[in-house]
Each structure stands twice: as structure tokens, then as C-alpha cells.
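Engineer: Quick one: sequence and predicted model below, then my questions.
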Amino acid sequence: MSQLALPLDWAPGPSGDRFLVGPSNARAVEMLERWRDWPRPAGLLTGPPRSGRSLLARVFARRTGAEVIDDAESADEAVIFHAWNRAVADGRPLLIVADMGPPAWAVALPDLRSRLGASAAIAIEAPDDALARSLVTLAFERRGLAADPTLVEWIATHAERSHASLLDAAVLLDRAAMERRRRPTIALAREVLTGSPA
């Protein structure tokens, strides 16, 4: 399993959650490490649901003292606007976390829209092959299941290529195995994930 190691100062959060690094998110980690190189001390971190963006933001805040606004699409735009201005004035980093940036995120305040456009754009992409396998393995470990490499590979190849689907696949498979009093197998995974009979 080719997985990049997190730098030592990007250690897991207090909850023990791990942020797995692969080619699809390594650039985001690198940009957070080099936040002093941003044009302004404000960054917009975007990524798919359950991609670890909130965990990454918490680690960044712990490491740098940054202010973080998570689920920014639901936050008061005036609050984000004033936080952005404060970050620029004080030099304390601000990390705004959202599903997507504008224009997909329909920001009503023109001044906030322009400030978001001037922020460092930090994106977590859909999982690559290596990260897909790592996410399935992690999901198995969380449920106390043996992560059989052949089964992990099958799920990583056949499940929808999203963080949420890959993490949920192990949960669905574990539940189905318990209900049928069977061990998790590729045949059962095929039935659970594709609807094809085992």
C-alpha cells in the first residue's frame, strides 16, 4: 500500500483520528505546511464530505494557532468577512472550510466573494487508488475486522470513488456479514455493494 506518511507535526488529533495522505490530498497538506507563503494569511480548504478536511483544519489550528471556520457555507457571511479582515490585519492565519468555493458556493456578499477569491485555494480531491485502499483498510480496522488485501482491493476497485462510499463499504459489509453469520468475502461484498447475488 503506497501511502505517504504524515509529517511528524501533522500528528493525529486528540481523538486518535488519522488523516491519511495520498497523491489526491498531499498538495493540500503541503499548502497548509507552507501557509506563510500564501498571498494573504487566509486559506479556503475545500473537499468532498468525509475527506478529512475538518480533521486537517483542527490539526492546522493546533499547530499554528489559526482561526478555523468550518462548514462555512452555513456560517454568517459577515462573520467570515470580519474574520478574513482580522487575519490580514493581525497576521494570524484563518482557514475557511467548505464543500466547494465560489461560484458553486453562492456567496451573497460581494466583498466576501472577492476576499475568498484572494485566499489560498486548498483542495482535497477524490481519492486516488492508493488512498482508496487505505480508506477501506482504515474502515475495516475501526470495526475490528481483518483487512484481507484481496477484499480491500476489490472494494477499492468496485465501490463508488468517494471518501464516504469507501468508508461506508466496510460498515455495510460488516453488517451484512453479521446478519448472515458469515465472514466478509468478495462474494458478499459484490452482493452488498452492487446488488448482484453472492
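Structural biologist: Sure, I can see it. The structure displayed is predicted, hence computed values, not measured ones.

Engineer: Tell me which residue lies nearest the centroid of the chain.
Structural biologist: residue 51 (2.0 Å; Cα atoms, centre = their mean).

Engineer: Verify the assumption that that residue is located in a strand.
Structural biologist: No. Assessed with DSSP: H, G, I helix; E, B strand; the rest coil, residue 51 is coil; it does not lie in a strand.

Engineer: ok, it - contacts?
Structural biologist: Residue 51 sits next to 25, 124, 163 when contact means Cβ atoms under 8 Å, 6 or more residues apart in numbering. (Glycine included, C-beta is placed from N, CA and C.)

Engineer: out of those, which is most surrounded?
Structural biologist: residue 25 (26 neighbours; other Cβ atoms under 10 Å).

Engineer: quick revisit: CSV for the contacts of residue 51, including secondary structure, pLDDT and distance to residue 69?
Structural biologist: Below are the contacts of residue 51 laid out as CSV (DSSP: H, G, I helix; E, B strand; the rest coil; pLDDT from 0 to 100; distance: Cβ to Cβ, whole Å):
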residue, secondary structure, pLDDT, distance to residue 69
25, coil, 93, 20
124, coil, 96, 17
163, helix, 92, 21
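
Engineer: Buried residues, stretch 85-103. List them.
Structural biologist: Within stretch 85-103, the residues scored as buried using 16 or more other Cβ atoms under 10 Å are 87, 93, 94, 95, 96, 97, 98, 101.

Engineer: Repeat that for stretch 130-150.
Structural biologist: For stretch 130-150, the neighbour count (16+ other Cβ under 10 Å) marks 130-140, 145, 147 as buried.

Engineer: what's in contact with that stretch?
Structural biologist: Counting by Cβ under 8 Å, 6+ apart, 1-3, 18, 20-25, 127, 152-153, 155-156, 159, 161, 163, 166-171, 174, 184, 186 sit against stretch 130-150.
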